[in-house]
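Participant: show me the folded form of this:
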Amino acid sequence: MKVSNNYIIRMLLTYLPILFITVSILTFIFFSIMNQFNVNNALQANRLTAKYVVNMTDTTLKGISFEAQQAIDTGGTLQQFLDAPSDGALDFDASNILSSMMVRYGLIDSVYLYRARDGSVLDQSTIRPLEQFPDQAYVRTALEQAYTGVWSSPRMKESAGIRGAAQDKVTSLGFKIPRNSGSLGYLVINVKTSSLRSYIGQAVDYSITEAELYDAAGRAFFGEEETLPGKNRLSVDIESDYTGWTYRVGIRGGQLLDALFHGSTVWVLLGLGAIAFAIGTTFYVTRRNYRPIEMILHRIERFSQAVKTSDSKGGANEFAFIDQAIERLITNNMAFQEQQQEHLVIRRQQFLQTLLKGEYEDDREAWEQERQHFGLTGGHYIVGLLELDHYVDFCLKYSQNDQSLFKFITSSVAAEVSGQSGRRIVVEWITKNQLVLLLAEETGGMLEQAMLQIAEQIRAWVENHLDFTVTIGIGTAVDNEPEIAVSFEEASAAVSRKVSLGLNRVIDSVEVKENKDGEWFMYLEMIRSVVRQLRMAESGWLHELNRLFGEMGVNRLRKEDVERLLHYFIFHLEYELERTLPEISGSWQEEAKPGLLASVEQSDTLAQLERDFADVITRLSGVMGELSQNRRYNTQMKEIRDYVAAHFLDPDLSLTLLSDKFQISPKYLSQLFKESIGQNFSDFLIGLRIEHAKQLLRETEATVQDISHLLGYAGATSFIRVFKKITGISPGQYRELQAGTAASGGDVEE
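Facilitator: Have a look, this model is predicted:
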């Protein structure tokens with residue numbers, strides 16, 4: 001295939017006109033328009049700035065002069081100070097006038113008043129003889145001047161400081177008192193040139209503008225020049241009609257800019273030379289850079305004869321030719337990499353799922369192939385299971401992309417931590433919130449300790465660097481591949497104990513123990529007690545609820561066991577409410593039951609579950625109390641119930657006795673018991689007696705015969721039959737079970 005070389009021509013014809021036009025326009029615009037426009041604007045701006053500075057400064061200085069003239073008017077305090085006999089109060093008032101003048105005009109550095117009568121000088125702080133006054137030389141000179149009331153040229157003022165004598169550059173204004181002779185005294189006002197410069201700085205920016213002030217003799221107020229220097233094109237001089245001073249305002253670096261503006265012809269010639277150089281260089285560079293393209297085209301043409309360009313009518317286009325070849329190469333490479341990555345991910349997941357199920361026992365060849373692929377060369381293994389805490393909140397808080405990012409970070413940290421310890425580990429997410437850590441070594445020594453160290457480092461890193469926590473369960477070390485499934489089951493069981501042990505921790509499988517079968521009966525009894533007390537509006541239900549969660553925590557129940565017990569709690573409570581208080585069905589179905597079920601599903605700790613259950617049931621108890629108050633004979637039934645609870649051991653207690661005492665017919669009283677308590681009178685009385693019997697069996701050594709006699713039964717056989725019907729076990733079995741539970745609880749606490 002013949003490829004035309006029209007690309008180099010197109011590139012040259014594209015670059016050269018753009019380069020030539022752009023450089024030409026910039027050159028002529030810069031040197032022609034900017035030269036005149038900027039100079040005129042700069043001069044106009046400087047002139048306006050200078051006039052503003054002159055007006056602003058003269059206005060302030062005139063104000064100071066006017067203030068001073070008013071102060072020395074005939075009959076004023078200063079006049080009295082100079083003419084009247086010495087008086088401390090008068091001296092103080094005169095000093096205050098001088099100080100007030102300094103306060104009103106921040107430019108004033110110092111003000112002092114010379115009294116000719118005794119040759120003393122008063123300033124804003126003290127009065128002293130002229131011979132002791134630091135600036136006495138100026139005062140003596142000023143007294144000899146014929147005309148006063150004019151601001152002086154810059155001079156050096158002597159002053160006494162903390163560290164000794166000092167000199168400040170100031171301009172001074174003096175007035176004889178009286179104005180024609182000065183026979184009484186002389187008033188001097190000093191303004192620092194540095195303060196004057198700062199004052200002018202409010203109107204100009206010294207970083208880009210130069211502002212200087214010269215007196216009538218050409219002496220500089222701010223700089224060091226003794227005579228007025230010549231100005232450049234960008235400077236403006238304005239002379240004050242009031243002071244006779246010359247204000248000069250210009251652009252900083254103005255001499256350099258002036259030279260640039262005067263050298264327009266030179267810069268135009270240099271610009272044209274640069275254009276010529278750019279054109280020649282463009283030809284050279286373009287030709288040189290095109291040579292590699294020619295080599296690439298020939299190579300592609302040699303190995304891709306079947307490729308056709310898109311420009312079939314206008315001849316071959318080498319750029320389109322290269323673009324097609326590269327695009328095809330990149331597309332194929334990306335597709336291959338994506339396919340390989342997908343295969344690798346699927347392969348890892350399948351391998352790990354199969355390994356955790358223990359299905360490699362019979363397929364040794366497949367196991368060896370996968371083991372070599374993943375680097376599991378050891379013969380000893382241990383499994384850790386990482387689980388995200390509060391996963392429901394995690395999903396609600398973060399978007400899907402953020403969740404994937406945090407999971408990737410967590411797995412990367414796990415791989416990095418194990419890599420730093422020099423160990424090989426397989427890390428893979430097996431569910432949405434569980435990450436498997438499979439550690440393998442050739443020698444099995446200290447494998448559990450190594451996994452615990454790695455797990456603790458992962459947990460601590462996540463806690464310190466991310467906005468969530470993780471809990472990690474550790475299985476036991478195993479010696480062969482089929483037992484990896486056993487280690488995984490132990491790790492899964494360990495991490496499920498976080499509901500009772502707490503979140504954000506590492507749980508070793510050896511720390512937890514399986515529950516005894518008898519413990520389930522204990523939990524069911526506690527649940528029934530909570531529901532019964534809640535249904536009967538007794539205040540002890542909260543204590544029983546706390547005891548239920550406390551026992552689950554002490555025995556370190558797994559999460560699934562806790563969920564099973566709490567679901568039974570919800571079922572039993574719903575059953576009792578529907579049977580005894582059907583009016584509360586709406587509140588139960590709409591608020592209480594959904595709240596309890598949501599807590600079981602979303603909470604990860606017993607403490608959180610306990611808080612949620614207590615809150616929901618407290619609100620439910622309030623609704624039940626309101627409904628109970630609306631029932632007929634509620635107050636009287638409470639009295640009857642309290643009376644029965646206090647006299648349930650009385651063998652003569654019956655409906656007839658209660659009917660006579662409270663003046664209610666036995667039939668109607670039985671109906672009220674059923675409506676208010678949910679039980680008939682006989683069942684309620686038996687329940688109280690059996691509960692008392694349980695307490696005696698737990699807390700005393702009384703025999704079954706004695707307890708049955710105390711409860712009013714004719715014989716022990718009747719008592720045992722009733723007790724077993726209510727509780728499901730005999731009194732003796734109940735006592736043995738409670739004794740075993742107490743012993744187990746003591747061991748746990750130790």
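Participant: least trustworthy helix or strand in the chain by mean pLDDT?
Facilitator: helix 254-262 (a mean of 54; mean pLDDT, DSSP states H and E).
Participant: give me the distance between the residue minimising distance to the centre of the chain and His390.
Facilitator: In the chain, the residue lying closest to the centroid (C-alpha atoms, centre = their mean) is Asp467, at 10.3 Å. To His390, Asp467 is 11 Å away according to C-beta to C-beta, to the nearest Å. Bear in mind the C-beta positions are built from the backbone N, C-alpha and C, glycine included.
Participant: before we move on, what about Ser198?
Facilitator: 62 Å.
Participant: and the two? which has more neighbours close in?
Facilitator: His390 (18 against 13; other C-beta atoms under 10 Å).
Participant: may I have the phi/psi pair for the closest residue to that one other than its chain neighbours?
Facilitator: Excluding the flanking residues, the one nearest His390 by C-beta to C-beta, 6 or more residues apart in numbering is Asp604, at 5.6 Å. Backbone torsions for Asp604, taken as degrees, to the nearest 10, come to phi -110, psi -10.
Participant: over to the one 5 residues further on?
Facilitator: The main-chain torsion angles of Leu609 are listed as degrees, to the nearest 10 and equal phi -60, psi -40.
Participant: go on, Tyr114?
Facilitator: According to degrees, to the nearest 10, Tyr114 has phi -90, psi 130.
Participant: give me the number of residues near it?
Facilitator: Neighbours of Tyr114 (other C-beta under 10 Å): 25.
Participant: picking that back up, residues near the residue nearest to His390, how many?
Facilitator: Around Asp604 there are 22 residues (other C-beta under 10 Å).
Participant: can you tell me how far it is from Phe569?
Facilitator: With C-beta to C-beta as the criterion, Asp604 and Phe569 are 18 Å apart.
Participant: same check on Tyr284?
Facilitator: 89 Å.
Participant: who has more neighbours out of the two?
Facilitator: The residue with more neighbours, out of Tyr284 and Phe569, is Phe569; 23 against 10, by other C-beta under 10 Å.
Participant: is it true that the more buried one touches Ser529?
Facilitator: No: Phe569 is beyond contact range of Ser529, at 11.2 Å (criterion: C-beta atoms under 8 Å).
Participant: what lies in contact with stretch 400-420?
Facilitator: By C-beta atoms under 8 Å, 6 or more residues apart in numbering, the residues outside stretch 400-420 that reach it are 386, 394-395, 398, 424-425, 427-429, 435, 437, 439, 454, 457-458, 461-462, 466, 468, 470.
Participant: show me which of those are buried.
Facilitator: Neighbour-count burial (16 or more other C-beta atoms under 10 Å) is assigned, among those, to 386, 394, 424-425, 427-429, 435, 437, 439, 454, 457-458, 461-462, 468, 470.
Participant: who's in contact with Tyr105?
Facilitator: Contacts of Tyr105 by C-beta under 8 Å, 6+ apart are 60, 63-64, 67.
Participant: before we move on, what about Ile127?
Facilitator: With the criterion set at C-beta under 8 Å, 6+ apart, Ile127 makes contact with 91, 95, 120-121.
Participant: just put those residues in TSV and tack on secondary structure, neighbour count and pLDDT.
Facilitator: Compiled in TSV, the contacts of Ile127 are given as follows (DSSP: H, G, I helix; E, B strand; the rest coil; neighbours: other C-beta atoms under 10 Å; pLDDT from 0 to 100):
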residue	secondary structure	neighbour count	pLDDT
Asp91	helix	16	82
Ser95	helix	20	86
Ser120	strand	19	90
Val121	strand	23	90
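Participant: out of those residues, which one sits closest to Ala494?
Facilitator: Nearest to Ala494 among those: Ser95, at 88.9 Å, using C-beta to C-beta.
Participant: quick one: residues contacting the residue nearest to the centre of the chain.
Facilitator: Contacts of Asp467 (C-beta under 8 Å, 6+ apart): Lys397.
Participant: among the contacts of Tyr105, who's most crowded?
Facilitator: Neighbour max across the contacts of Tyr105 (other C-beta under 10 Å) = Ile64, 19 neighbours.
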